[in-house]
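Novice: What follows is a protein structure lacking sequence information:
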């Protein structure tokens, strides 16, 4: 069975953050960092919708406070994908209704 393949290195066009996604069939994972935060992403393909549902544990480097964000990852083509944060657990500095849309390019 073939799956959408998002494995590889990606760079955010919005903030320059780089992440490398590992993929095992329908499951994805990644650990990546910005200067202020460490992120751990896990997700699974929603085959009926054609995108990956994911959660990201986001930990502040400065305070150690951890927030969990939820969203979806959409594969556009071999060179671009988008991530959309649709909410958080409301901890640390992010409100529960926080939203973020980022475009990523294969690096």
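Specialist: All right, it came through fine. None of the values given here were measured: they were computed from a predicted structure.
Novice: Tell me the strands beside the longest strand anywhere in the chain, with direction?
Specialist: Ranked by residue count, the top strand of the chain under DSSP state E comes out as strand 66-77. The strands that strand 66-77 pairs with in its sheet are strand 51-60 (antiparallel), strand 80-88 (antiparallel) (by DSSP bridges).
Novice: Include mean pLDDT, distance to residue 105 and mean neighbour count when you put those into TSV, please.
Specialist: Placement of C-beta: from N, CA and C, glycine included. Shown next, in TSV, are the strands paired with strand 66-77 (pLDDT from 0 to 100; distance: least, Cβ to Cβ, whole Å; neighbours: other Cβ atoms under 10 Å):
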stretch	mean pLDDT	distance to residue 105	mean neighbour count
strand 51-60	98	17	18
strand 80-88	97	6	18
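Novice: thinking again about what came up before, could you give the mean pLDDT of the longest strand of the chain?
Specialist: Mean pLDDT, strand 66-77: 96.
Novice: got the contact list for it?
Specialist: Identification of contacts with strand 66-77 by Cβ atoms under 8 Å, 6 or more residues apart in numbering yields 4, 6, 28, 43, 46, 50-60, 81-94, 98, 100.
Novice: how about a cut-off of 7 Å?
Specialist: By Cβ atoms under 7 Å, 6 or more residues apart in numbering, the list of residues contacting strand 66-77 from outside reads 4, 6, 43, 51-59, 81-89, 91-92, 94.
Novice: again with stretch 89-107
Specialist: Contact partners of stretch 89-107, identified using Cβ under 7 Å, 6+ apart, comprise 8-14, 18, 60, 65-68, 79-88.
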